[in-house]
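Colleague: The following comprises the amino acid sequence and a computationally predicted model.
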Amino acid sequence: MRCETTRVVTTELLGGRVFQIDDLDESTLVSVGDTALSGPSGPSLDAVGSVLVAEMDLHGIAIAEPGMAWTRFGTRGSGDGEFMRPAATAFLELARLVVLDSGNCRLVGMDDITGSGWMTYGHRGRPIPGEPAEGAFADPRGLAVDTSDRVWVSDPGASRLIRIDALDGSGWTEIALPPAAAVPIPYGISAHRDGVVLIDAGNARLLIIDGDGATSSTLDLADGTWVSPGFVASLGDILVVADVVANELRLLEPDGRGHTVIASLRGSPPDLTDPLFDSVGGVGS
Amino acid sequence: MRILTYNAQMRSALMEMGFPPSIPPVYTAPSRAKLISRAIIDSPEEIDVVCLNEIFDEPARAIISGELSGDFPFQVSKADTFHTRIVSPGISDDIMEKVWELTFGPLADLAGLAKFKLEDSGLFLASKFPIATVPTPPEVIGLLGPLAFPNGVPVVRFLMYADSSDSDKFAAKGVLYVRLAPPGNDLRHVFLSHAQADTEAKEENIGDRKKQFQNVADFVERCIGETAPFSQEVFFVGDLNVVGHGEKNPDAHPDAHLPDPEWTKLFGTPGAPMFDQLIDRWGRDQCPGGNSGRTDPGFTADVVYPPVRQRLDYLFTSASSQLAVQHLRVDRELADPRGLMPYLSDHQPLLADINILTPHCTPATALVTPDQVDFHHSDALMEGTMRWYRFDKQGTYDVRLIVDGADTGYEIYLGDDFSTPQPPYREIDDPRRGTRFVLAAPFFIKVFLKNRRSEASYNLATHRHQGKTLADAIVLVPGVGQSEHFPAQAFNSDTNSADWDDSESKWFVVQTPRIPVARPIHLALTVSSQTEDRGSGPIPTDVMLSLGKWDGNGPPASLIDQTGPATAPLKLDWQASDNEHFVVLVQRRTGTSTVVAFNIEASTNLSLLLARPSVDTSLTCQDETSGWGADDIALEIRADDDLIADIPNSVIGDFEDDSVRHVGDKMQPMTPYVEGIEVKVIEEDDIDDDDVGTGAIPLVDRAPGAPAYTVLHSGIDGRIMGSLRIDIDDGRYAFACVISRWHPSA
């Protein structure tokens, strides 16, 4: 029996607003920050309720403490303090910030939103037979930090999921994904238990991956009820999956055999002329 | 009345996020909306009613509605599950379905049908004519108050289809009804739809479409309040996703052991949903195919499965209509991105000119001209009427129109292309005889008022060249044989136009293109089957074949080669460069008392890649390469190894499955070649080596059966529309274009 409140943050990639919502209950939908952002994506939520997002179109990041305005950082480029279409964010323990700087194919670590303690890891590339291309990302899109502070990156451009122990790249591991009919496209990702939950967009499936990299369960998202599931957030056993084309969030609860959808919230339902939210640029928890 | 129907492919950003999600989405709808709106407003032919499909994107919808509002103040800008948006003077609001239900009665279980709808219907109608109204019922006043609809409720209704599949099931697909009230005219009942699409193969979703069209047929009767034959004027338009046929084409009625195509089942068979009450004006009226001489296939879209060009967009009118669809054409100029965008839509618009029924006002009822050298006809036009003339003999024609009254023009169309007016031959305009055209047959001349609200009388005069003089010479089109004859009387006498004996000679002209041609052009002539008839049937006879060169302006021509006289086939071949001018004389040698007939044909090693109308040249992604994200495509085209188009990814854009880009506007209108055209599709990769796929467009002579090349249409003037398959990595692209040995503007 579920009793805790499930709060997630979600972004409007197009409209630029960022929302938090509890239990996918429309009445709890509230806007975060003081203004719309520019292509907000890959939100994350820390323990005190601060919301961190990547601003893809402005090549920066923004953070809002509860009830406060956005504080922004970053400009376009590939140097220090610069991003190129960042896609996702996460909090490390001790509140360090991690940003997936997708266009520069790197991870960025910072002590805080001022950019202090700036460090990067990663470069552009992809594996070829005999060359695992450690430290290389082709088109990274998803970012998660697990309970052990390890960093997971989904890289659909190289069709692989990477885990590293720390932002210096130590413990680089390519996580084997279970075979499927089509080439895997690892996309949305969230920390889940001691590992992650991952959406394989190429095979319309959701994979629950343990901390050791083993896939413990698979949920089929090709049952005809999903259009284009892209993002996922985890809250304990509860999952929130965003279907980006349906513009819908769905709450999934374990049912003993897998997961069952127990609630959903559509951003643009047919009986509304003004959408609640016009798109989904990510969900975070 | 002119109606435009256009699938403008304004997919929303949400739809473009697609599967797998690509960020940022390939999202150009607002930019294209602006260009399409301007093209509609600036159309040389004033349009009255605009019917659009796939207006899903809200920013694009707002742009189109706003841009068109000045010229088209009466709009239904959105038809959705529970509301329909009316934009007109006095009303600009989303009208809830309850209003329509209270006014016109209930339609269907909306809540059930709307359950999985993510998008509206995509239907958009804008009109110069007001929308008819009915008195506001007391129930609506009770619902909305006494100020609601003071001038009556607009007669608008949207019926959502119950049957749809694949990705279409997520949109509120249906049929929109708008009753228009043109001032001074009867009501016009306009129905607009976008029927169920196929995704992998032709006719895969025929079942859904059949049910949808039955819905439409029933809906039409309900909305206009009568059953067929209708006494009112009904129009049904849109992208119906049925591969169009001509009713007289053999493929519309295959052998008994083969099933009829979908078009025949739905639109071309008595008792079918759209046969008795409504008529597909392209396939059953203007261009029925077969031996009608009106054989334009009317392609309106590039698709990813065979046939890769299809006629999918339709105009139906009531079978009992008192109006004539005077001209129905694919408006390729309106769809031209003109170098400003990679494309405007994956479809092309269909424009119908509709007017009262008058004699010879459509291609089907064209005045069939007699087989005579000179033809004259006088008539009068008023209030948008037009006249069509049909000519069944190919040749070189001088055409002159003398007008008394308002500005009046004429256009000439080949029987297999009612959308592209034929250009004059080398812009030659004889002040006495008129403008010169070189035409395959049958061809049709349309005489029309340039301003519909005017009147004029005119005299149309045509002269078919007989080859009596240099000025009367017959232009030889390479690859197109001609049968000619000398009459049983004196034909002509020796002149100073040639520096050899040109008496009793037929004059022909061969000219090489004015555009630069880097390689030598090989030309050849064959005269064959030369016969004389002395009353007992044709017998072989001698003729002489002479080749001369002239300056292209006037006589004299200088002899450069000669063969004959002989009864056997006569051949001459020579080499030329661009912009050279030759005369060919066939001289009879047996007196003037008998008819002498012969065949003559020119040939060349030269082919032309024709890039106008620009939307005829396209690149389509039939199967995206695997892996993450869209294909970052660049396109290079070489003619005889010379680069003629270098279109970077920043211009042509990224490709996903079904993406169509028009590229004719991004290269020269005509490119000559004597070896071949290489088309190179490059998928740029910023990490690994680029993936490259190449294909070869053959010379016209070698087009049938050329590797990876499919002939889509063989024109009566020798042009070939074809599609080249290009494999790249594990993906597949198609490059479609038109090639020809010749062009009157070249």
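Modeller: Arrived safely. If you're wondering where the values come from, they're calculated on a predicted model, not measured in any experiment. Numbers count the residues shown, from 1 in each chain, chains lettered A, B, ... in the order given.

Colleague: And the contacts of the lengthiest helix in chain B?
Modeller: For chain B, the helix with the greatest residue count under DSSP state H is helix B:206-224. Residues outside helix B:206-224 that contact it (C-beta atoms under 8 Å, 6 or more residues apart in numbering or on different chains) are B:157, B:159, B:161-165, B:168, B:173, B:175, B:177, B:179, B:189, B:191, B:193, B:195-196, B:227-228, B:230, B:232, B:234, B:236, B:240-242, B:262, B:265-266, B:273-274, B:277-278. For the C-beta atoms, the positions are set from N, CA and C on the backbone; glycine is no exception.

Colleague: ok, and for that helix, which residues are buried?
Modeller: B:206, B:208-213, B:215-217, B:219-220, B:222-224 (16 or more other C-beta atoms under 10 Å in any protein chain shown).

Colleague: Quick one: residues contacting B:Lys549.
Modeller: Per C-beta under 8 Å, 6+ apart, neighbours of B:Lys549: B:Ala557, B:Ser558, B:Ile560, B:Glu580, B:His581, B:Phe582, B:Val583.

Colleague: Could you dump those into JSON lines and include pLDDT and neighbour count?
Modeller: Formatted as JSON lines, the contacts of B:Lys549 follow (pLDDT from 0 to 100; neighbours: other C-beta atoms under 10 Å in any protein chain shown):
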{"residue": "B:Ala557", "pLDDT": "97", "neighbour count": "26"}
{"residue": "B:Ser558", "pLDDT": "97", "neighbour count": "13"}
{"residue": "B:Ile560", "pLDDT": "97", "neighbour count": "13"}
{"residue": "B:Glu580", "pLDDT": "97", "neighbour count": "20"}
{"residue": "B:His581", "pLDDT": "97", "neighbour count": "16"}
{"residue": "B:Phe582", "pLDDT": "98", "neighbour count": "24"}
{"residue": "B:Val583", "pLDDT": "98", "neighbour count": "26"}
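
Colleague: and of the residues you listed, the nearest to A:Ile238?
Modeller: Relative to A:Ile238, the closest of the contacts of B:Lys549 is B:Glu580; by C-beta to C-beta it sits at 80.8 Å.

Colleague: Listing request: residues of the chain with sub-threshold pLDDT.
Modeller: The chain I'm using is chain A. A:1-4, A:95 (pLDDT under 70).

Colleague: Chain B, not that one
Modeller: Those would be B:17-25, B:686-687, if you go by pLDDT under 70 across chain B.

Colleague: can you give me the strands in the stretch 201-350 of chain B?
Modeller: For the stretch 201-350 of chain B, strands defined by DSSP state E, counting those that start in this stretch occupy the ranges B:233-239, B:278-280, B:301-302, B:309-310, B:313-318, B:323-330, B:350-356.

Colleague: A:Asp149 is nearest to which of the ones you listed?
Modeller: Once those are compared by C-beta to C-beta, strand B:301-302 is nearest, at 52.1 Å.

Colleague: gap between the closest residue in space to B:Arg534 that isn't next to it in sequence and B:Gln587?
Modeller: Nearest residue to B:Arg534, sequence neighbours excluded (C-beta to C-beta, 6 or more residues apart in numbering or on different chains): B:Thr594, at 5.3 Å. According to C-beta to C-beta, to the nearest Å, B:Thr594 and B:Gln587 sit 15 Å apart.

Colleague: who's more crowded, these two?
Modeller: The neighbour comparison of B:Thr594 against B:Gln587 (other C-beta atoms under 10 Å in any protein chain shown) goes to B:Gln587, with 22 against 19.

Colleague: Quick one: buried ones out of the contacts of helix B:206-224?
Modeller: Buried among the contacts of helix B:206-224 (16+ other C-beta under 10 Å): B:157, B:159, B:161, B:163-164, B:168, B:173, B:175, B:177, B:179, B:189, B:191, B:193, B:195-196, B:228, B:230, B:232, B:234, B:236, B:240-242, B:262, B:265-266, B:273-274, B:277-278.

Colleague: What is the linear distance spanned by stretch B:353-360 between its boundary residues?
Modeller: Stretch B:353-360 has an end-to-end distance of 14 Å (C-alpha to C-alpha, to the nearest Å).

Colleague: ah, wrong one, I meant stretch B:77-87
Modeller: Stretch B:77-87 end-to-end distance (C-alpha to C-alpha) = 7 Å.

Colleague: Tell me the residues of chain A that contact chain B?
Modeller: A:13-14, A:39, A:41, A:56, A:85, A:87, A:124-126, A:128, A:138-139, A:141, A:156-159, A:182-183, A:185, A:187, A:201-202, A:204, A:227-228, A:230, A:244-247, A:268, A:270-271, A:273, A:278-279, A:281 (C-beta under 8 Å from any C-beta of the partner chain).

Colleague: looking at the strands of the stretch 201-350 of chain B, which is closest to chain A?
Modeller: Among those, strand B:233-239 comes nearest to chain A, with 21.0 Å by C-beta to the nearest C-beta.

Colleague: Parallel or antiparallel, list what pairs with the closest one.
Modeller: Here strand B:233-239 is paired, per DSSP bridges, with strand B:188-194 (parallel), strand B:313-318 (antiparallel).

Colleague: I'd like those laid out as TSV, including distance to A:Gly49.
Modeller: What follows is these, written out as TSV (distance: least, C-beta to C-beta, whole Å):
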stretch	distance to A:Gly49
strand B:188-194	46
strand B:313-318	54
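
Colleague: Could you tell me which residues make contact with residue 97?
Modeller: The chain I'm using is chain A. A:Leu52, A:Ile61, A:Ile63, A:Thr89, A:Ala90, A:Phe91, A:Gly109, A:Met110, A:Asp111, A:Asp112, A:Ile113.

Colleague: Chain B was what I was after
Modeller: Contacts of B:Glu97 by C-beta under 8 Å, 6+ apart are B:Thr81, B:Phe82, B:His83, B:Thr84, B:Leu110.

Colleague: one step back: can you tell me which of the strands of the stretch 201-350 of chain B is nearest to B:Gly481?
Modeller: Of those, nearest to B:Gly481 by C-beta to C-beta is strand B:309-310, at 27.8 Å.

Colleague: contacting residues for B:Lys265?
Modeller: B:Lys265 touches B:Ile206, B:Lys210, B:Ala272, counting by C-beta under 8 Å, 6+ apart.

Colleague: correction: B:Phe448
Modeller: B:Leu381, B:Met386, B:Arg387, B:Thr408, B:Gly409, B:Tyr410, B:Glu411 are the contacts of B:Phe448 under C-beta under 8 Å, 6+ apart.

Colleague: In ChimeraX, select just the buried ones from these.
Modeller: Command for ChimeraX that selects the buried part of the contacts of B:Phe448, burial taken from 16+ other C-beta under 10 Å:
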select /B:381,386,387,408,410,411
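
Colleague: Going by neighbour count, which of the contacts of A:Leu97 are buried?
Modeller: A:Leu52, A:Ile61, A:Ile63, A:Thr89, A:Ala90, A:Phe91, A:Gly109, A:Met110, A:Ile113.

Colleague: Just the closest of those to chain B, please.
Modeller: A:Thr89 (14.8 Å).

Colleague: Any idea what the closest one is bridged to?
Modeller: A:Val99.

Colleague: tally of neighbours for residue 34?
Modeller: Answering for chain A, as no chain was given. 10.

Colleague: actually chain B
Modeller: Neighbours around B:Lys34, by other C-beta under 10 Å: 17.

Colleague: what about it, helix or strand, and which?
Modeller: helix B:29-41 (DSSP states H and E).
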